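Here is the input, now give the coordinates:
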Amino acid sequence: MKLKLIKTEKDYQKALDRLEQIFHAKKGTKEQEELEILVMLIEKYETEKVGEFPDPDPIEAIKFKMDQMDMSQKDLAEVIGLKSRASEILSRKRPMSINIIRKLSKALSIPADILIQPYETI
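Sure, this is the predicted structure:
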């Protein structure tokens with residue numbers, strides 16, 4: 001594929017199709033180099049057309065990571081330190097303290113800047 005800036009939806013679809021074809025290219029090959037450049041072009045187009053994705057809601061991010069890590073609320077309570085606190089945070093009855101944000105960021109590998117975002121509490 002001749003690499004060029006992606007300017008239209010048609011170009012974008014062609015780039016995605018080509019990406020799928022060469023996705024498992026071996027390191028050191030021309031296809032692998034093409035893959036790297038193609039990814040950059042696709043990201044540039046997506047950023048310009050779609051814009052930046054907003055940060056997720058902190059509580060939803062926690063629930064998502066818990067699901068990915070197959071964690072229960074009890075497991076989260078062990079990270080936070082109190083079972084009732086974990087319940088209150090997940091049900092949005094209590095905002096997270098900076099100390100809890102640090103613990104969750106480390107344990108769940110969620111960037112602190114996502115957890116520190118404002119969110120609604122009940």
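
switch to C-alpha atoms for all contacts and neighbour counts from now on
OK.

where are the low-confidence patches of the chain?
For the chain, residues meeting the criterion pLDDT under 70 lie at 1, 50-53.

repeat that with 90
Applying pLDDT under 90 to the chain flags the ranges 1-2, 9, 25, 46-55.

how about the helices in it?
9-22, 30-50, 58-68, 73-80, 83-90, 98-108, 112-115 (DSSP state H).

mind giving me the domain split of the chain?
Annotated domains of the chain cover 9-50, 58-115 [automatic domain parsing].

Centre of the chain to the shortest one, how far?
In other words, domain 9-50. 20 Å (Cα atoms, centre = their mean, to the nearest Å).

Relative to Ile62, how far out is the closest residue to Lys63 other than its chain neighbours?
Distances taken as Cα to Cα, 6 or more residues apart in numbering put Leu90 closest to Lys63, at 7.8 Å, once the chain neighbours are dropped. Taking Cα to Cα, to the nearest Å as the measure, Leu90 falls 8 Å from Ile62.
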